[in-house]
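Undergrad: show me how the following folds:
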Amino acid sequence: MYKIYKKVLIWFVVLYSTCISAQVNEYLDAENTRISQSQKTELEVRKFVSDNFKKYKLSHDVNDKLIQHLKEEEEFTDAELKNAINKEKIYELRKLFFYENPNKKENYLAKPIPNSLREQCVNGDFENNTAGYTFWSDQHPQPASGTDFFFSCATPTALTASNVITPTVNDFNSTITLIDNTSPGYQQYDPVLASFGVNVPTLNTNSGTKCIKLNNQEGYGSSDQTTVSRYFPNINEATIEFNFSLIMDNKPAHGQDIQPFFRARVYDQFNNIVDEFCIVANPENCLFEVIYVSRTRRVLYTDWICARLNVGEILNQPGTIEFTVSDCQPSAHFGTVYIDNICGFTCATPQLGALNTNPININCPDVANNEPFQVCGTFQPPVNATLNTIVLNIMQNGSLVATINAPTQLTADTFCFTVFPNLLGANPSGDFELLTTATFNVSCPAGTFVYSISDNSANIGPDISFVDCCIPTLYLSAAAANNLDNLAPMAIRQRQRSNWIIAANIVSVGDNALSNGVIYHAGNFVELTPGFEAEFGAQFAAYPEGCSENYIYKNETQNNNSINTIEKITDETINLVKISRGFTIYPNPSSSTIDIKMKDSQFKKVSITTIDGKMVYERKVEPTDTTQIDVSRYANGVYIINITSEDDELLTEKLIKN
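TA: Below you'll find the model as predicted:
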């Protein structure tokens, strides 16, 4: 009997593996089709830009601000100014294309990996190209975006109607390129560094034939901030580990707050940051090697290194990983990064170290008796670093409530803080978060450099809660005070009891966001009695569970339809003015003076020829949309009026002289 069972089990495993393999192949085929379609769209975008480049001009406000910004921030040549203006015009035309062709955007968005595949890293090393990944580049025109967009590592990024991009292959001038050593154009070493005699491989030597490169080395006119993201329907590992290599410009005259940066983040299903790190271009950080190019420029770079992000808080939940690299704020100095092995990879020694606070959820700690509780975690110092401090901050609504400056227990890789509830105040209420920060000293050639690593929260949801402190029972009547509408605060929408909840009220909370609905849970039962009603459009869940402070909807549908705000696209304002290609002559016919008027554009040269091509008048003018010419001395007949537009297009009209 055992042998039969074993054979059946083996057959089941083989069948299951075959099914999973088929699903992977089906998913990759669909994603490769999507990518191919987006590449065709890119050709359409380029043609649209080419066909319309002379038909539009930047709005005067944007054009003038661009010139003024460059004068304030950088020294620049006329050619660099023209390049900056052209880049911004191309950026605006790209927005116009997607505004006129909204259906073309969808092929740029990666389709979620099927839930049945869980966190399986189908192509973490990009060997199956870019299936599963979405790319975009925020080309912040300078200064159309102003300087307000740049907050160093805190600079936001989001998909818009125009910034979605499909990677090119081995195009090192592209904003995003797929490095592929089996395709034409492959370069073994980064070309920027190679030009200075430094050879850093474009591919990680421990991986396959492909990786991804974000951003390029172009400057002026646009501070490019480029992002790749990937959504996981179910995170089934406590860490996400990967390799990367940085090349960044650094201008000594710029402060650290406006230098290029590289940021790695993981979001939960509600768009909360689970873990992140950020590296700013800084020659004092011995993570970087430095090339001194000139008095005003340094190039910083790393070889391939590995890093780790802790995601234990969202184990078995959806999540999104996101990588962003940015130029400097003034736009003339670049930041680029190569990324590979995003999952299915073990980083034994994270170059940047790691810090993780163990999950903890304390419901209504005993303030009266000041009964302490423990907050513990693990850490790994950055390479060649020594621990300096570990501090625990207790936060509420973003404000600091209390600080514990040193752990009560500390080993080479673990820590524990003893927390007394009276630190939270005499009569605490609401939710609290635990923010753990560690600093490490590294001895660098420029002196001691301090690394800082933080863990913003111990788990999803509040770490410590005094909301609806758990008592045994709750009865919710149909009285107005117990009925819930869309204005209900979180403390009323989320109810828990150690024994039971009986509900006879009306629920109408719902805005298609699972985190904003109503949840009741109790240790023994939740009973919905006559009078209870969940109105159309409401989100409601009830389940048996004690006072856990766990208000996550417990259904499989959530994993299939989880909120993924990273992949929502918003439209943008288009800062273009369409040029009406033509001008008017008034009066026509004329015996004395004529007025020439060009609509929605300007011209810089005007000439008059006879019908047989003889030049009788020619004059260059400062760019204008109108001018006046005396034709009284010309013989009666037909003449050709020629004007040359700002972008060198020649336009003609006939004039009758009488």
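Undergrad: hey, which helix or strand in this protein has the poorest pLDDT?
TA: helix 556-560 (a mean of 41; mean pLDDT, DSSP states H and E).
Undergrad: after that one, which helix or strand is next? Please name it.
TA: strand 576-578 (DSSP states H and E).
Undergrad: quick one: buried residues of that next one?
TA: Residues 576-577 are the ones in strand 576-578 that count as buried (16 or more other CB atoms under 10 Å). Any C-beta I mention is one placed from the backbone N, CA and C, and that applies to glycine too.
Undergrad: same thing with stretch 397-413?
TA: For stretch 397-413, burial by neighbour count (16+ other CB under 10 Å) applies to 401-402, 404, 407.
Undergrad: just the ones of those residues in strands?
TA: Here DSSP state E is the test, and these give 401-402, 404 as lying in strands.
Undergrad: I'd like the residues you listed laid out as CSV, including distance to N441 and pLDDT.
TA: Below are those laid out as CSV (distance: CB to CB, whole Å; pLDDT from 0 to 100):
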residue, distance to N441, pLDDT
V401, 28, 94
A402, 26, 95
I404, 21, 97
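Undergrad: nearest to R298, of the residues you listed?
TA: Set against R298, the nearest of those by CB to CB is I404 (39.7 Å).
Undergrad: and the closest one, how far from I291?
TA: 43 Å (CB to CB, to the nearest Å).
Undergrad: just P359 next, same as before
TA: Counting by CB to CB, the gap from P359 to I291 is 44 Å.
Undergrad: pLDDT at N285, what is it?
TA: Predicted confidence (pLDDT) for N285: 93.
Undergrad: what do you get for M1?
TA: Note on M1: pLDDT of 38.
Undergrad: what's the answer for D431, then?
TA: 88.
Undergrad: bridging residues for it?
TA: S465 (DSSP bridges).
Undergrad: OK, contacts around it?
TA: 396, 462, 464-467 (CB atoms under 8 Å, 6 or more residues apart in numbering).
Undergrad: quick check: which of those has the minimum pLDDT.
TA: Out of the contacts of D431, that is V467, at 68.
Undergrad: picking up where we left off before, Throw the ones in strands among the buried residues of stretch 397-413 into TSV and include distance to C376, thanks.
TA: As requested, these are exported to TSV (distance: CB to CB, whole Å):
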residue	distance to C376
V401	20
A402	18
I404	13
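Undergrad: grab the most central residue of the chain for me.
TA: T157 (3.9 Å; CA atoms, centre = their mean).
Undergrad: hang on, it packs against D138?
TA: Yes: under the criterion of CB atoms under 8 Å, T157 makes contact with D138 at 5.6 Å.
Undergrad: what residues are shared contacts of the two?
TA: 225, 227.
Undergrad: so how far is V631 from I596?
TA: 11 Å.
Undergrad: also K597?
TA: 16 Å.
Undergrad: neighbour count winner among the two?
TA: V631 (18 against 13; other CB atoms under 10 Å).
Undergrad: can you give me the pLDDT of the more buried one?
TA: pLDDT, V631: 91.
Undergrad: same check on the one 5 residues further on?
TA: If you check N636, the pLDDT there is 91.
Undergrad: so what's the backbone phi/psi at it?
TA: Dihedral angles phi and psi of N636 (degrees, to the nearest 10) take the values phi -60, psi 140.
Undergrad: please compute how far the host helix or strand of N356 lies from its chain's middle.
TA: Assigned by DSSP H and E, N356 belongs to strand 354-357. With CA atoms, centre = their mean, to the nearest Å as the basis, strand 354-357 stands 23 Å off its chain's centre.
Undergrad: pull up the pairing partners for that strand, direction included.
TA: strand 373-380 (antiparallel).
Undergrad: which element follows the strand it pairs with toward the C-terminus?
TA: Per DSSP H and E, the helix or strand that comes after strand 373-380 is strand 385-396.
Undergrad: what packs against that following strand?
TA: strand 373-380, strand 399-404, strand 414-419, strand 431-444 (3 or more CB pairs under 8 Å, 6 or more residues apart in numbering; DSSP states H and E).
Undergrad: hmm, try it at 10 Å
TA: Applying 3 or more CB pairs under 10 Å, 6 or more residues apart in numbering; DSSP states H and E, we find strand 385-396 packed against strand 373-380, strand 399-404, strand 414-419, strand 431-444, strand 447-455.
Undergrad: pretty sure L423 sits in a helix.
TA: Yes: residue state for L423 (DSSP: H, G, I helix; E, B strand; the rest coil) corresponds to a helix.
Undergrad: please name the nearest non-neighbouring residue to it.
TA: Spatial nearest neighbour of L423, chain neighbours left out: A402 (4.1 Å); criterion: CB to CB, 6 or more residues apart in numbering.
Undergrad: wait, that neighbour sits on G425?
TA: Yes: the criterion here is CB atoms under 10 Å, and A402 meets it with G425 at 8.6 Å.
Undergrad: give me the common contacts of those two.
TA: 394, 396, 432 (CB atoms under 10 Å, 6 or more residues apart in numbering).
Undergrad: thinking again about what came up before, give the contact list for the nearest residue to the residue nearest to the centre of the chain once chain neighbours are set aside.
TA: In space, and not counting its chain neighbours, T157 is closest to T227: 5.1 Å by CB to CB, 6+ apart. For T227, the contacting residues are 134-138, 157-159, 163, 165, 176, 214-215, 263, 265, 322-326, 566, by CB under 10 Å, 6+ apart.
Undergrad: return the subset of these lying in strands.
TA: Reading strands off the contacts of T227 with DSSP E, I get 134-138, 176, 214, 263, 265, 322-326.
Undergrad: as CSV, the residues you listed with pLDDT and neighbour count would be great.
TA: Formatted as CSV, the ones in strands among the contacts of T227 follow (pLDDT from 0 to 100; neighbours: other CB atoms under 10 Å):
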residue, pLDDT, neighbour count
T134, 91, 21
F135, 93, 23
W136, 93, 26
S137, 91, 25
D138, 86, 22
I176, 93, 22
L214, 96, 26
R263, 97, 22
R265, 95, 21
E322, 96, 19
F323, 97, 21
T324, 97, 26
V325, 97, 29
S326, 94, 30
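Undergrad: appreciated, that's everything.
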